[in-house]
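# compute the structure for the input listed below.
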Amino acid sequence: MNAKERYLSFKNRPDGLPFATTNENGEVKVYTVEVFCRANEANVGQPPRMCRTESKFSHTGNLRVHLKAVHELRLPKLKAGAPARADIIEVERKEYKFSLKNITIQSTEYLS
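Below you'll find the predicted structure:
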């Protein structure tokens, strides 16, 4: 099972995912097949707290709607048309290798 398949096999957000990061414009980065919310819900001055929504979104578009509507975060605009597959694979490869090395599977309850 590759990193993408492993990530998508979880029903709920796996332990160890990092908080969402922003780009140079302060917009939250959302990766092509990302389906778990990694937003920080804490108010300013409080310790970071991962979003209460632990369940998997059916696709990245629904995650984007959640981030904008619930967390009121700004996201980069999507480019019209389909991105080049090679670009998607390269971005995903870097992100999943970074994220998945920190995942701790404590039980099989997360597996679909």
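# run through the chain and note the low-pLDDT ranges.
Scanning the chain for pLDDT under 70 picks out 80-112.
# pretty sure T21 contacts V30?
No - taking contacts as CB atoms under 8 Å, T21 lies outside contact range of V30: 10.3 Å. For every residue, glycine as well, the C-beta is placed using N, CA and C.
# mind listing the helices for the protein?
3-8, 60-69, 85-100 (DSSP state H).
# wait, what's in contact with R38?
R38 makes contacts with R13, L17, P18, F19, A20, M50, C51, as judged by CB atoms under 8 Å, 6 or more residues apart in numbering.
# nearest residue to the last one in space, please, no chain neighbours.
What that stands for is C51. C37 (4.1 Å; CB to CB, 6 or more residues apart in numbering).
# next, the one you found: phi, psi?
phi -80, psi 130 (degrees, to the nearest 10).
# can you get me a residue count around it?
C37 has 23 neighbouring residues, counting by other CB atoms under 10 Å.
# specify the beta-bridge partners of S55.
For S55, the residues forming beta bridges with it (DSSP bridges) are N12.
# V35 is in contact with that one, correct?
No - assessed by CB under 8 Å, S55 is found out of contact with V35, at 9.5 Å.
# between those two, which is the more surrounded one?
Between S55 and V35, V35 has the larger neighbour count (other CB under 10 Å), namely 18 against 12.
# isn't that one right next to G61, touching?
No - using CB under 8 Å, V35 is not in contact with G61; the gap is 10.0 Å.
# buried ones among the contacts of R38?
Taking 16 or more other CB atoms under 10 Å as the criterion, what is buried in the contacts of R38 is R13, L17, A20, M50, C51.
# for the fourth one, give me its contacts.
With contacts defined as CB under 8 Å, 6+ apart, the neighbours of M50 are R13, L17, F19, C37, R38, A39, N40, E41.
# what of the first one?
Contacts for R13 were tallied using CB under 8 Å, 6+ apart; they are F36, C37, R38, M50, E54, S55, K56.
# circling back: neighbour count winner among T21 and V30?
A count of neighbours by other CB under 10 Å puts V30 above the other of T21 and V30, at 20 against 8.
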